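1. coordinates only, no sequence provided:
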């Protein structure tokens with residue numbers, strides 16, 4: 001009997017320790033998953049952004065007019081009355097007219113289904129997230145990610161774009177899930193509740209890992225399948241050569257060569273389909289209107305330290321864009337950012353995060369000029385200091401491991417704009 005009691009006592013103690021250990025593990029897991037808010041921008045420096053909103057009282061609901069003015073003023077938009085109303089219900093003399101004009105023209109906010117702006121309509125949390133997300137795209141700002149992705153318990157109540165925008169705001173600590181795990185996208189904020197949200201949004205931009213690095217013009221979406229690329233072509237340097245060998249897209253065409261600058265792509269022979277060499281102008285003209293998607297990745301071989309470096313890069317890039325527009329008039333053009341470079345790269349005076357960001361800014365500018373899309377693969381591959389992460393680096397700081405090209409392919413499949 002004593003032996004049985006001893007065995008039972010041991011089992012009880014073992015279970016007690018196991019439950020305690022599990023509780024400690026659960027506590028640790030919860031602490032890791034707990035979301036935190038981003039550091040806020042200074043209210044003293046941002047007070048002028050809210051002066052009109054505060055005139056309506058701290059308990060007034062945040063509306064479209066207030067939001068447009070806050071974002072427009074933060075962007076530095078000129079506070080001039082528009083010469084003509086962009087929407088039928090915007091009085092050019094109204095206090096919010098310059099903000100509404102700026103927000104609509106930049107795609108930060110859109111008219112409602114009836115074509116009117118409805119400045120007095122309150123914004124819910126989902127719409128505010130969308131406006132802030134579109135502000136990032138319009139201005140080239142980025143947010144520092146500080147939280148893990150959180151799957152909201154009410155995610156089904158969002159639109160697809162709204163869910164993506166809310167996820168970004170949660171990851172950046174601008175707006176996070178409630179204690180119950182819900183986001184409540186239909187809720188509206190008062191002016192006093194909205195001000196901290198804007199301050200965290202501006203603070204997250206100021207504390208971004210790569211200030212000045214443009215953000216993609218295409219929001220993340222559900223992935224397409226490989227057939228998406230059946231009518232696509234890819235143009236570029238050695239990193240595109242790697243795509244041609246690793247993407248496993250037999251129906252896509254690749255026009256690329258190792259070590260090429262933008263000017264080289266225009267002037268010299270590139271390797272095309274079936275391992276044949278051809279000039280890019282001839283290839284695109286011989287395949288007029290064949291492609292519906294054209295991906296272009298250039299710039300790393302154009303890096304130099306001259307004062308005219310961007311002008312020298314943009315000149316052939318515009319010629320390439322003109323050529324694509326002429327020969328593939330129905331294609332969507334995707335311009336890829338530069339990829340980050342490794343820390344121990346040869347000639348760091350040319351190949352460094354600063355140059356990669358400067359050239360990516362020029363590429364984003366070109367996308368706006370030609371109505372193309374800009375895809376940001378820099379953040380996809382960069383560490384916290386802006387260098388290529390080791391899992392991508394093949395060893396020379398410029399090229400990627402073949403085993404990691406699937407990450408880039410997956411990114412492209414989830415950033416189509418369709």
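-> Happy to help now that I have it. Small disclaimer: the values here were computed from a predicted structure and weren't measured. Numbering: from 1, shown residues only.
2. any stretches of the chain with poor pLDDT?
-> Counting by pLDDT under 70, the chain shows low-confidence ranges at 1-33, 85, 209.
3. what ranges do the strands span in the chain?
-> With strands called from DSSP state E, the chain shows them at 232-236, 253-256, 269-271, 277-279, 293-297, 332-336, 373-375.
4. quick one: residue 80 and residue 251, what's the gap?
-> Using Cβ to Cβ, to the nearest Å, we find residue 80 at a distance of 51 Å from residue 251. The C-beta positions use only the backbone N, C-alpha and C, and glycine is treated the same way.
5. what count of nearby residues applies to residue 229?
-> Counted by other Cβ atoms under 10 Å, the residues lying close to residue 229 total 22.
6. need phi/psi at residue 120.
-> phi -90, psi 0 (degrees, to the nearest 10).
7. leaving out chain neighbours, which residue sits closest to it?
-> Spatial nearest neighbour of residue 120, excluding adjacent residues (Cβ to Cβ, 6 or more residues apart in numbering): residue 63 at 5.3 Å.
8. what of residue 38?
-> What sits nearest to residue 38 in space, not counting adjacent residues and going by Cβ to Cβ, 6+ apart, is residue 173, at 3.4 Å.
9. those helices in the stretch 301-418 of the chain, which residues are they?
-> 309-327, 353-370, 378-381, 405-413 (DSSP state H, counting those that start in this stretch).
10. residue 228 is nearest to which of these?
-> helix 405-413 (6.8 Å; Cβ to Cβ).
11. who's in contact with the closest residue to residue 96 other than its chain neighbours?
-> Leaving out its chain neighbours, the residue that sits closest to residue 96 by Cβ to Cβ, 6+ apart is residue 65, at 3.7 Å. Counting by Cβ atoms under 8 Å, 6 or more residues apart in numbering, residue 65 touches 94, 95, 96, 99, 100, 119, 120.
12. in those, find the pair that's most separated.
-> Checking the contacts of residue 65 with Cβ to Cβ, the most distant pair is 99 and 120, at 13.6 Å.
13. more crowded one of those two?
-> Higher neighbour count among residue 99 and residue 120: residue 99, with 28 against 12, using other Cβ under 10 Å.
14. before we move on, back to that, for the residue nearest to residue 38, the count of nearby residues, please.
-> 23.
15. and for residue 146?
-> Applying other Cβ under 10 Å, I find that residue 146 has 17 neighbouring residues.
16. over to residue 268?
-> 13.
17. tell me, how many residues neighbour the residue lying closest to residue 383 once chain neighbours are set aside?
-> With sequence-adjacent residues excluded and distances taken as Cβ to Cβ, 6+ apart, residue 383 is closest to residue 389, at 5.0 Å. Here the count is done by other Cβ under 10 Å, and residue 389 has 14 residues near it.
18. so what's residue 389 up against?
-> 340, 381, 382, 383.
19. among the residues you listed, which ones are buried?
-> Neighbour counting by 16 or more other Cβ atoms under 10 Å classes 340, 381, 382 among the contacts of residue 389 as buried.
20. wait, what's in contact with residue 208?
-> Counting by Cβ under 8 Å, 6+ apart, residue 208 has contacts 141, 142, 143, 144.
21. so what does the first one have for phi and psi?
-> When read as degrees, to the nearest 10, the backbone of residue 141 gives phi -90, psi 170.
22. skipping its backbone neighbours, what lies nearest it in space?
-> Per Cβ to Cβ, 6+ apart, closest to residue 141 is residue 205, 4.7 Å.
23. pretty sure the one you found is touching residue 143, no?
-> Yes. Using Cβ atoms under 8 Å, residue 205 is in contact with residue 143, at 6.1 Å.
24. give me the common contacts of these two.
-> Going by Cβ under 8 Å, 6+ apart, residues that sit against residue 205 and also against residue 143 are residue 136.
25. more neighbours: which of those two?
-> residue 143 (25 against 22).
26. need the contact list for the more buried one.
-> By Cβ under 8 Å, 6+ apart, the neighbours of residue 143 are 38, 136, 168, 171, 172, 174, 201, 204, 205, 208.
27. tally of neighbours for the fifth one?
-> Number of residues near residue 172 (other Cβ under 10 Å) recorded here: 26.
28. ok, the fourth one next?
-> Each residue near residue 171 was counted by other Cβ under 10 Å, and the total is 20.
29. with the second one instead?
-> When neighbours are counted by other Cβ under 10 Å, residue 136 registers 22.
30. from residue 219, how far off is it?
-> Counting by Cβ to Cβ - residue 136 and residue 219 are separated by 10 Å.
31. circling back to that earlier point, make TSV from the contacts of residue 389 and add distance to residue 34 to it.
-> Listed next are those as TSV, based on distance: Cβ to Cβ, whole Å:
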residue	distance to residue 34
340	30
381	28
382	26
383	24
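32. just flag the most distant two among those.
-> 381 and 383 (8.8 Å).
33. joint contacts of those two?
-> 340, 389.
34. coming back round to it: to residue 180, which of the strands of the chain lies closest?
-> Between the strands of the chain, strand 373-375 lies closest to residue 180; by Cβ to Cβ that is 36.2 Å.
35. now residue 81: how far from residue 73?
-> Where residue 73 is concerned, residue 81 sits at a distance of 15 Å (Cβ to Cβ).
36. who has more neighbours out of those two?
-> residue 73 (19 against 13).
37. residue 190 - nearest residue in space that isn't next to it in sequence?
-> The nearest residue in space to residue 190 (Cβ to Cβ, 6+ apart) is residue 59, at 5.3 Å.
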